[in-house]
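1. I would like the atomic coordinates for the input below:
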Amino acid sequence: MSQDANPALKICAGGCHCGNVRFEVLLPNEIVVESCNCSICFKTGNAHIIVPTSRFSLKAGTSALTEYRFNTGVAQHLFCSNCGVTSFYIPRSNPDGVAVTHACLDRPDDFEKISVNLFDGQNWEANAGALASRSIPD
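-> Numbers count the residues shown, from 1 in each chain. This next block holds a predicted model:
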């Protein structure tokens, strides 16, 4: 992960509740947070920012992560085995990217603009294409 590739991006740190899982992600000053109503995002209240894998770096906690897969098994829902928080996961819509939980950023309000996209994940197949460009590297 290199900020030099795009100086318009800033390093944002985050992690789970207990601190076992820590990450850094490169984000612009204007972000789009996906508020999804699919079965798992709705039940966990997960609103996330999808980024290319090249803009994400896991700094600590690989051994603390537990994986949960369901339905097609493509999405890798990762959560801390100690506190249970999903600070990031690999989404089915963007298996080449990472979905970072907005609330797990250390400074979630430190952006010039935060837009919320109400994503209809209950009708995932009809809508997933709208997210495909989120994981394309800059």
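2. Show the backbone phi and psi for Phe111.
-> phi -140, psi 150 (degrees, to the nearest 10).
3. How many residues are close by it?
-> Using other Cβ atoms under 10 Å, Phe111 is surrounded by 19 other residues. For the C-beta atoms, the positions are set from N, CA and C on the backbone; glycine is no exception.
4. didn't it look like it was pressed against Ile31?
-> Yes - using Cβ atoms under 8 Å, Phe111 is in contact with Ile31, at 5.4 Å.
5. you'd agree Pro116 is in a strand?
-> For the record, residue 116 is Val, not Pro. Yes - checked against DSSP: H, G, I helix; E, B strand; the rest coil, Val116 lies within a strand.
6. Name whatever forms a beta bridge with it.
-> Val33 (DSSP bridges).
7. ranges for the helices of this structure?
-> For the chain, the helices defined by DSSP state H occupy 39-44, 124-127.
8. What ranges in this structure fall below the confidence cut-off?
-> 1-5 (pLDDT under 70).
9. all strands of it, in order?
-> Under the criterion DSSP state E, the chain contains strands at 10-15, 22-27, 30-36, 47-52, 56-60, 65-68, 76-80, 88-90, 97-101, 113-119.
10. got those strands as a markdown table, with distance to Asn127 and mean neighbour count columns?
-> As requested, those are arranged in a markdown table below (distance: least, Cβ to Cβ, whole Å; neighbours: other Cβ atoms under 10 Å):
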| stretch | distance to Asn127 | mean neighbour count |
| --- | --- | --- |
| strand 10-15 | 26 | 18 |
| strand 22-27 | 23 | 20 |
| strand 30-36 | 10 | 18 |
| strand 47-52 | 14 | 21 |
| strand 56-60 | 23 | 15 |
| strand 65-68 | 22 | 14 |
| strand 76-80 | 19 | 20 |
| strand 88-90 | 18 | 23 |
| strand 97-101 | 15 | 26 |
| strand 113-119 | 7 | 13 |
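11. out of the ones you listed, nearest to Ile136?
-> Taking Cβ to Cβ, strand 47-52 is the member of those nearest to Ile136, at 6.4 Å.
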